[in-house]
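J.: Generate a structure from the sequence data that follows.
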Amino acid sequence: MVSIMKVYVRIKSLNRRKSSELMPYELPEGIGTVRGLIAAFVLAEVERFNSKDTEQPLLALMGTEELEERAHAGKVDFGRLWRNKKADGERAVQTALDAFCDGLFRVLMDESELSGLDSPLEIREGAVFTFIRLTFLAGRMW
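T.: A predicted model of the protein is given here:
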């Protein structure tokens, strides 16, 4: 039987001042590297995505507060998936690992930055992981 530990995740982006709230996650114990940690989070999100309902609700209403929260997050939708295609966990993990290696996001455990995919990692119950999306400037000056 695999033992489970509860940890928390926060997503930040350099172009937003406010960070997201802490989201609880359950991870299997024994994750010993940053690679394993990223894979575990990605697979949990793929599972969550694939379990979403593809049927459109009969009546989908959103309150002002929920509308503002979604607008702040950058996407206002009603939770409906427009495609029936499921996400491929293996491909998603590889994409996330490539993005980490390319420096598109950083990962912190509590206040310490995690570097190197195969760096050893000791995760404790209740740890807070922060994923920081890095935004690059693009375009040209006139």
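J.: okay, CA-based contacts and neighbour counts for the rest of this
T.: Will do.
J.: what packs against whichever helix in the chain runs longest?
T.: Assignment by DSSP state H gives helix 34-50 as the longest helix of the chain. On a contact count with 3 or more C-alpha pairs under 8 Å, 6 or more residues apart in numbering; DSSP states H and E, helix 34-50 meets helix 89-101.
J.: before we move on, back to that, tell me what angle the longest helix of the chain forms with helix 89-101.
T.: Interaxial angle of helix 34-50 relative to helix 89-101 (axes from the mean of the first three to the mean of the last three C-alpha atoms, to 10 degrees): 130 degrees.
J.: Can you give me the buried ones in helix 34-50?
T.: Within helix 34-50, the residues that qualify as buried are 34-44, 46, 50, counting by 16 or more other C-alpha atoms under 10 Å.
J.: The helix or strand just after it - contacts with which helices or strands?
T.: Note on helix 34-50: by DSSP states H and E, the next helix or strand toward the C-terminus is helix 64-73. For helix 64-73, not one helix or strand is in contact under the criterion 3+ C-alpha pairs under 8 Å, 6+ apart.
J.: pLDDT averaged over helix 64-73 - what is it?
T.: For helix 64-73, the mean pLDDT works out to 75.
J.: Show me which residues of that helix are buried.
T.: Leu67.
J.: do the same with stretch 89-107
T.: By neighbour count on 16+ other C-alpha under 10 Å, the buried set for stretch 89-107 is 89, 92-93, 96-97, 100, 105-107.
J.: and the buried residues of helix 34-50 as a markdown table, adding pLDDT and distance to His72?
T.: Formatted as a markdown table, the buried residues of helix 34-50 follow (pLDDT from 0 to 100; distance: C-alpha to C-alpha, whole Å):
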| residue | pLDDT | distance to His72 |
| --- | --- | --- |
| Val34 | 95 | 29 |
| Arg35 | 95 | 30 |
| Gly36 | 95 | 30 |
| Leu37 | 94 | 27 |
| Ile38 | 95 | 25 |
| Ala39 | 95 | 27 |
| Ala40 | 93 | 27 |
| Phe41 | 93 | 23 |
| Val42 | 94 | 23 |
| Leu43 | 93 | 25 |
| Ala44 | 91 | 24 |
| Val46 | 91 | 23 |
| Asn50 | 84 | 24 |
